[in-house]
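Colleague: let's see this in three dimensions:
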Amino acid sequence: MGKSFSRELLQVPSTFDWASQVNADSLSSFFAEAKGRPLVIVGAGGSFTAAELARLLHERRGAFAVAHTPLSFLESKTDLRGAHVLIFTAGGSNPDVVATYDAAAAREPLGIFVVCARRKSKIELRASRSERTRVLVEPPPTGRDGYLATNSLIGFLALTLRALGHALPDHAAVNRALRISDFPELPQRAGVVNVVVLYGDWGRPAAIDLESKLSEAGLGSVMLADYRHFAHGRHNWINKRGESTYVVALVTPESENIAEKTISLLPRSTRVLRLLSRESGAAAVLPLLLRVFALTAWFGKEVGIDPGRPGIPGYGSRIYHLGPQRERVLSDSNVVSVERKLSARGTLDSAEDHKAVIAAGDTFSRRLEQTEFGAVVTDFDGTMIAPGQSGAANLSVPVATFLTSLLRRKVVLYFATGRGDSIAHILRRSLDKKFHSRILVGYYNGGLTQALSDGVPAPEKADHYPALEALRRELMGDPILARQVEPENKGFQLTVKARGAIDYAAAAAVIREVVASYSAHAMRVVESSHSLDVIPQSSNKLNGVAFVQKQIDPALAVLTFGDRGALGGNDFDLLTHPYSLSVDTVSARLGSCWNLAPAGCRNVAGLLYYARWLTVEQERFTLSIR
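Modeller: Residues are numbered from 1 along each chain as shown. Below is the predicted model:
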């Protein structure tokens with residue numbers, strides 16, 4: 001099975017060349033979005049090394065991260081609604097990683113990113129169905145991996161480092177690190193070869209990879225310990241099993257002092273192999289990993305096993321294909337909707353709160369089913385347009401079809417959006433001109449309402465708020481914000497967009513603070529799926545509900561849709577309406593803003609799920625919740 005390990009190592013320099021050229025912008029953007037928030041990283045087998053590197057890098061940026069194997073992820077019960085998920089997989093089709101992706105999507109994190117080294121994999125197919133998953137599929141030029149997936153791993157690590165602004169080693173450094181002639185000629189050992197791997201700080205990814213390679217290829221038994229964990233009793237292994245043990249010390253400038261002090265206290269007969277990097281911080285990771293590759297080749301030579309083709313027993317293949325016990329993905333949308341509300345209230349583990357939320361959900365659902373509606377007031381970005389698709393030229397065909405079914409029966413349709421003229425262009429291209437006079441648009445978060453047929457809102461028609469321009473100058477007076485964001489005064493609001501890949505959450509927090517201290521009595525900040533908007537206190541998407549209520553039979557109600565229902569989201573106001581459905585985040589309120597879609601069914605998919613509930617008649621419709 002696979003290539004010889006020596007052949008894989010010869011291909012490593014070309015893998016570095018390839019990795020230095022691959023467009024990693026999408027991964028950079030993901031890390032920018034995740035900065036300041038929890039990040040959960042999953043990797044199976046050798047890919048766990050990449051997961052550990054991503055964990056270290058994210059934590060060094062000041063946020064919490066955890067690296068999981070697929071099974072540990074599946075067995076964890078962490079609420080991921082405020083976190084991001086990153087998955088590394090070489091092949092993308094093994095049962096563990098597929099189960100991991102399905103479970104991650106069902107837990108509804110803020111976003112999922114998959115890095116895969118093979119096209120047309122099962123995980124790529126699944127991810128293509130999700131609006132909240134991005135995939136970077138870049139097969140290395142070296143062809144199909146060997147047994148230890150060495151070049152895929154190098155690609156993962158290099159792309160991760162590049163995405164976070166770190167340089168890659170040059171050819172000379174790569175070739176030096178891969179030399180096995182640096183290791184001494186040691187006499188053959190009888191019996192089992194044991195390896196104790198000691199590490200600190202940035203040596204941990206290389207330590208994990210050495211354990212993975214030696215164990216998977218059957219080259220030796222490995223124990224991992226950082227230098228101080230080793231001090232708490234593990235040193236006794238050397239006393240009892242020293243004759244059959246190598247100590248491998250991974251040393252960087254940061255760990256050199258504790259490493260040398262520890263090694264100096266070991267018995268003189270201890271066989272110590274030092275793997276050194278003179279680079280500091282994250283720059284030490286790849287040089288140490290390449291030394292691990294070389295050491296793996298050396299160990300293979302010592303014990304007479306090719307690490308790239310160690311020979312796989314039949315039972316091993318059967319164990320591999322066994323797969324994990326899949327996490328139960330809740331199909332009952334009622335149960336999922338209750339969990340979403342409990343998560344918003346921070347009481348997932350309270351049995352009493354659980355009962356109260358179930359009762360509130362039942363009441364809300366009955367109220368929807370017992371009501372006749374004459375109008376829909378809906379958000380646009382994240383509801384009609386998928387997140388990350390704000391530049392789309394048209395509505396998708398299923399969305400346009402749903403809206404047309406309402407317009408044909410003369411149901412009033414109102415778009416409550418933070419956009420200006422761009423929404424008018426999209427709606428005009430997507431919906432038949434004969435309906436334009438009956439389509440209402442509340443631009444700038446309810447600051448200006450007009451029919452689609454009235455044309456594009458012109459700047460001269462806008463009521464310019466002097467406080468907005470003063471606030472724009474205040475924001476641009478901050479040298480860091482000026483580099484990160486671009487606030488545009490649109491008359492009714494400031495629309496603040498990022499200049500490239502930035503720490504969006506951190507920038508948003510600063511903007512909120514500036515607005516609160518500068519003009520809290522007059523302005524507030526709301527967040528959409530693609531921007532922050534600073535709006536006057538008088539601007540409110542609920543204005544749309546009041547507007548359309550006057551145009552329909554007083555006996556009929558208004559149904560609202562949105563995606564950002566939590567406090568601070570630009571649909572929070574809109575979804576305080578008692579007849580309101582979210583396609584993503586929900587507020588803590590029990591009487592409104594429920595997400596009744598199945599697990600993982602979000603944004604446009606959630607909207608289209610709700611669309612199946614509607615029975616539309618002339619100028620009215622009802623809901624049958626299924």
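
Colleague: list the contacts for Arg179?
Modeller: Ala294 (C-beta atoms under 8 Å, 6 or more residues apart in numbering). Just so you know, the C-beta spots here come from the backbone N, C-alpha and C atoms, and that holds for glycine as well.

Colleague: domain assignment for the protein?
Modeller: What the record gives for the chain is the domain set 5-322, 333-462+538-623, from automatic domain parsing.

Colleague: redo the ones you listed as a markdown table? Include distance to Ala508.
Modeller: Formatted as a markdown table, the domains of the chain follow (distance: least, C-beta to C-beta, whole Å):
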| stretch | distance to Ala508 |
| --- | --- |
| domain 5-322 | 9 |
| domain 333-462+538-623 | 9 |
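
Colleague: out of those domains, which is closest to Glu513?
Modeller: For the domains of the chain, proximity to Glu513 was assessed by C-beta to C-beta; domain 333-462+538-623 is nearest, at 13.0 Å.

Colleague: surely Ala225 is in a strand?
Modeller: Yes - applying DSSP: H, G, I helix; E, B strand; the rest coil, one finds Ala225 inside a strand.

Colleague: what about the residue lying closest to it once chain neighbours are set aside, distance to Leu596?
Modeller: Distances taken as C-beta to C-beta, 6 or more residues apart in numbering place Arg234 nearest to Ala225, at 5.0 Å, with adjacent residues excluded. Note on Arg234: its distance to Leu596, by C-beta to C-beta, to the nearest Å, is 53 Å.

Colleague: out of the two, which sits in the busier spot?
Modeller: Leu596 (24 against 14; other C-beta atoms under 10 Å).

Colleague: show me where the stretch 501-626 of the chain has helices.
Modeller: Per DSSP state H, counting those that start in this stretch, the stretch 501-626 of the chain carries helices over the ranges 504-519, 542-549, 604-611.

Colleague: mean pLDDT added to the ones you listed, as a markdown table?
Modeller: Listed next are these as a markdown table, based on pLDDT from 0 to 100:
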| stretch | mean pLDDT |
| --- | --- |
| helix 504-519 | 86 |
| helix 542-549 | 96 |
| helix 604-611 | 97 |
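
Colleague: His577 is nearest to which of the ones you listed?
Modeller: helix 542-549 (5.6 Å).

Colleague: mind listing what's buried along the closest one?
Modeller: 542-545, 547-549 (16 or more other C-beta atoms under 10 Å).

Colleague: Lys434: which of these is nearest?
Modeller: Val548 (19.6 Å).

Colleague: dig out what the closest residue to the closest one other than its chain neighbours forms beta bridges with.
Modeller: Spatial nearest neighbour of Val548, chain neighbours left out: Ala375 (4.2 Å); criterion: C-beta to C-beta, 6+ apart. On the basis of DSSP bridges, Ala375 is bridged to Val412, Val558.

Colleague: contacts only, for Ala375.
Modeller: By C-beta under 8 Å, 6+ apart, Ala375 lies in contact with 411-414, 548-549, 551-552, 556, 558-559.

Colleague: tell me where the stretch 251-400 of the chain has strands.
Modeller: 271-276, 373-378 (DSSP state E, counting those that start in this stretch).

Colleague: one step back: for Asp226, see how far away the residue nearest to Ala225 is.
Modeller: 10 Å.

Colleague: hang on, the earlier thing: drop anything exposed from the contacts of Ala375.
Modeller: Buried among these (16+ other C-beta under 10 Å): 411-414, 548-549, 552, 556, 558-559.

Colleague: need those residues in CSV (columns: distance to Phe113).
Modeller: Below are the buried ones among the contacts of Ala375 laid out as CSV (distance: C-beta to C-beta, whole Å):
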residue, distance to Phe113
Val411, 39
Val412, 40
Leu413, 35
Tyr414, 35
Val548, 39
Gln549, 42
Ile552, 44
Leu556, 44
Val558, 38
Leu559, 34
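
Colleague: tell me the span between the first and last residue of stretch 76-95.
Modeller: 18 Å (C-alpha to C-alpha, to the nearest Å).

Colleague: and stretch 518-530, by the same measure?
Modeller: First-to-last residue span, stretch 518-530, C-alpha to C-alpha: 24 Å.

Colleague: Ala509: which of the domains of the chain is closest?
Modeller: Evaluated with C-beta to C-beta, the domains of the chain place domain 5-322 nearest to Ala509, the distance being 8.1 Å.

Colleague: which parts of the stretch 51-200 of the chain are strands?
Modeller: 65-68, 84-89, 111-116, 133-137, 194-199.

Colleague: wait, what's in contact with the spatially closest residue to Leu607 that is not a sequence neighbour?
Modeller: Leaving out its chain neighbours, the residue that sits closest to Leu607 by C-beta to C-beta, 6+ apart is Val583, at 5.3 Å. By C-beta under 8 Å, 6+ apart, the contact set of Val583 is 382-383, 561-563, 595, 597, 602-607, 610.

Colleague: from those residues, pick the one nearest Phe5.
Modeller: Arg602 (43.8 Å).

Colleague: near the closest one, how many other residues are there?
Modeller: 25.

Colleague: mind listing what it touches?
Modeller: With C-beta under 8 Å, 6+ apart, Arg602 has these contacts: 108, 131-132, 563, 583-584.

Colleague: try 7 Å this time
Modeller: Counting by C-beta atoms under 7 Å, 6 or more residues apart in numbering, Arg602 makes contact with 108, 131-132, 583-584.

Colleague: now swap in Pro38 and tell me
Modeller: Counted by C-beta under 7 Å, 6+ apart, Pro38 has contacts 63-65, 82-83.

Colleague: for Arg472, see how far away it is.
Modeller: 32 Å.

Colleague: that's a helix at Ser422, yeah?
Modeller: Yes - counting by three-state DSSP, one finds Ser422 located in a helix.

Colleague: that one: neighbouring residues, count only.
Modeller: 16.

Colleague: kind regards, and thank you for your time.
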